[in-house]
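[1] structure of the sequence below:
(chains A and B)
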Amino acid sequence: SQTIHQWPATLVQPVGSPLSLECTVEGTSNPNLYWYRQAAGRGLQLLFYSVGIGQISSEVPQNLSASRPQDRQFILSSKKLLLSDSGFYLCAWSFPDSNVLTFGAGSRLTVL
Amino acid sequence: QKEVEQNSGPLSVPEGAIASLNCTYSDRGSQSFFWYRQYSGKSPELIMFIYSNGDKEDGRFTAQLNKASQYVSLLIRDSQPSDSATYLCAVNVNNFNKFYFGSGTKLNVKP
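    Take a look at the predicted model:
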């Protein structure tokens, strides 16, 4: 069976500091990978998605970036965090030919 | 971002009643429609999906799709307090590898 891991689960960062959130999927190959952000009381905003190693599509231009250095690893980064970056970050995966998304447990980021 | 609209609620129903959750979408290219449940502080989990016009039933849940009206709904029969959560509607446009979510409807089921 497939599992998705996200870490860290919670972090508090000062404005202007860097960010790195990591996501890995086990039990499958060549998954589609996604990063979503959910601001407090809001819906899910699609940030990035990837259909393969090194293939990243960005939905929203901002100070975040994503990378996929390995088939089942997806990383979300920022060089300098803004207050508005606070939120619940969710990694998700799907089979390449599937429309079903499965989410990780999420990473809750607070920028102070 | 493609627009997916939901009433934020909260929607309050008594235990045992039918809860009706609604969602509209703007892109006529939308082909797949999903309902996710999200408990407070947790990640969303898939309840069901629907591709074709009409109804799809799965246990106490029924999804209804009307592509002409760009409308999708979720009915929860015999609502239980454990159904209290936020329900997110999502669409997949033209089967591209992108899924767009609404802001969710909060459901409260009162014992």
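
[2] ignoring the adjacent residues along the chain, who's closest to whichever residue of chain A sits closest to chain B?
    As assessed by C-beta to the nearest C-beta, chain B sits closest to residue A:43 within chain A, at 3.5 Å. No exception for glycine: its C-beta is placed from N, CA and C like everyone else's. Nearest non-adjacent residue to residue A:43, counting by C-beta to C-beta, 6 or more residues apart in numbering or on different chains: residue B:103, 3.5 Å away.

[3] in three-state terms, how would the nearest residue to residue A:65 once chain neighbours are set aside be classified?
    Closest residue to residue A:65 in three dimensions, ignoring its sequence neighbours and counting by C-beta to C-beta, 6+ apart: residue A:77, at 5.1 Å. Here residue A:77 is recorded as strand under DSSP: H, G, I helix; E, B strand; the rest coil.

[4] confirm for me that residue A:77 is in contact with residue A:64.
    Yes. Between residue A:77 and residue A:64 there is a contact under C-beta atoms under 8 Å: 7.0 Å.

[5] so if I had to pick from the two, which one is more boxed in?
    Between residue A:77 and residue A:64, residue A:64 has the larger neighbour count (other C-beta atoms under 10 Å in any protein chain shown), namely 21 against 14.

[6] and the residue sitting nearest the centre point of chain A, which helix or strand is it part of?
    Residue closest to the average C-alpha location in chain A (C-alpha atoms, centre = their mean): residue A:35, at 3.2 Å. Assigned by DSSP states H and E, residue A:35 belongs to strand A:32-38.

[7] same check, this time on residue A:5
    Going by DSSP H and E, residue A:5 is part of strand A:3-7.

[8] and the contacts of the helix or strand just after that strand?
    Next helix or strand after strand A:3-7 toward the C-terminus (DSSP H and E): strand A:10-13. With contact meaning C-beta atoms under 8 Å, 6 or more residues apart in numbering or on different chains, strand A:10-13 is reached by A:19, A:81, A:107-112.

[9] partner strands of strand A:10-13 and their direction?
    strand A:107-111 (parallel) (DSSP bridges).

[10] now the partner strand: buried residues?
    Using 16 or more other C-beta atoms under 10 Å in any protein chain shown as the test for burial, strand A:107-111 gives A:107-109, A:111.

[11] please apply the same query to stretch A:59-79.
    Buried, per 16+ other C-beta under 10 Å, within stretch A:59-79: A:59, A:64, A:66-68, A:72, A:74-76, A:78.

[12] cool, and stretch A:26-37?
    So for stretch A:26-37, counting by 16+ other C-beta under 10 Å, buried means A:28, A:31-37.

[13] residues from chain B in reach of chain A?
    Counting by C-beta under 8 Å from any C-beta of the partner chain, the residues of chain B lying close to chain A are B:1, B:4, B:6, B:32, B:34, B:42-46, B:49, B:88, B:90, B:92, B:95, B:97-104.

[14] swap the cut-off to 6 Å and go again
    B:32, B:43-44, B:92, B:97, B:99, B:101-104 (C-beta under 6 Å from any C-beta of the partner chain).

[15] for the residues you listed, give me TSV that also has neighbour count and pLDDT.
    Converted to TSV, the residues of chain B next to chain A look like this (neighbours: other C-beta atoms under 10 Å in any protein chain shown; pLDDT from 0 to 100):
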residue	neighbour count	pLDDT
B:32	17	89
B:43	21	95
B:44	27	96
B:92	23	87
B:97	15	74
B:99	25	87
B:101	26	93
B:102	24	93
B:103	19	92
B:104	26	94
